[in-house]
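Enquirer: okay, here's the prediction I keep looking at, along with the sequence it came from:
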Amino acid sequence: MGRYCSDCGDWCSNSMFSGNQWRKGDGYSRCKDCVSGGYQHQSYQCGECYREFDSQNELNMHMQVHRPRNVACPVCGERRFRSGANAVQHVESGYCSGCRGRDNARRQIYDFARSRRGMQPFLSGTPLLTNGGRNGGVPEFPYQCPQCVKSFRHLSQLLQHQDQKHNVLRMLGY
């Protein structure tokens, strides 16, 4: 029993596919060699520095290094970040001078998002879990992508998702 790999086109036995790839079905499964990068059918080159990458996703992630550092932290105002996601990660880490501590930071970010009219489409409706109040009333997954309805625990995760999956660089109005 086997199938053709969607990348290299080789006929492979079912042992050459991970369970996850096998469940994708004929025409969509990639063999273990292709998943691990053993089969290189195409490379992707950066137009800025000409580095080559094995996948479009790797190139997209690399392109972030060429963005200017002109995004400010919504709490302390420090302007040194390449994206809103990076600025929010700075706050979420608990190292922002404006709100020390991760739990305090998570509460501040949630309050910030709730106070902005433009952020309402990105907030989950009813909290599924509140983690016993440990997070100061912040739901376990308070953020939601309006395009694909995926939920996120941290605002930075939603921002990265919006950037990488939907090509939306800025959704914060600060």
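Expert: On my side now, so go ahead.

Enquirer: and the least confident helix or strand in the chain by mean pLDDT, what's buried?
Expert: Lowest by mean pLDDT, DSSP states H and E among the helices and strands of the chain is helix 19-24, with a mean of 76. Within helix 19-24, the residues that count as buried by 16 or more other C-beta atoms under 10 Å are Gln21. Where you see a C-beta, it was placed from the backbone N, CA and C, and this is true even at glycine.

Enquirer: what's the answer for stretch 148-164, then?
Expert: Quick answer for stretch 148-164 (16+ other C-beta under 10 Å): 152-163.

Enquirer: again, but for stretch 88-100
Expert: Buried-residue list, stretch 88-100, by 16+ other C-beta under 10 Å: 88-92, 96, 99.

Enquirer: ok so, going back, quick one: contacts of the least confident helix or strand of the chain?
Expert: 14, 29-32, 35 (C-beta atoms under 8 Å, 6 or more residues apart in numbering).

Enquirer: average pLDDT for the longest helix along the chain?
Expert: Secondary structure of the chain read by DSSP state H shows that its longest helix is helix 102-115. Averaging pLDDT along helix 102-115 gives 84.

Enquirer: same check on stretch 67-87?
Expert: On average, stretch 67-87 scores 88.

Enquirer: dump the residue contacts of the residue nearest to Glu52 when sequence neighbours are not counted.
Expert: Nearest non-adjacent residue to Glu52, counting by C-beta to C-beta, 6 or more residues apart in numbering: Ser43, 4.6 Å away. Residues in contact with Ser43 (C-beta under 8 Å, 6+ apart) are 52-54.

Enquirer: if you rank the residues you listed by neighbours, which is first?
Expert: Phe53 (16 neighbours; other C-beta atoms under 10 Å).

Enquirer: of the contacts of helix 19-24, which belong to helices?
Expert: Per DSSP H, the contacts of helix 19-24 map to helices at 32, 35.

Enquirer: which one (most neighbours) among the contacts of helix 19-24?
Expert: The residue in these with the most neighbours, by other C-beta under 10 Å, is Cys31 (26 neighbours).

Enquirer: wait, isn't that residue in contact with Gly9?
Expert: No. Using C-beta atoms under 8 Å, Cys31 is not in contact with Gly9, being 10.0 Å away.

Enquirer: which residue comes closest to Asn104 once chain neighbours are left out?
Expert: Nearest non-adjacent residue to Asn104 (C-beta to C-beta, 6+ apart): Gly94, at 7.5 Å.
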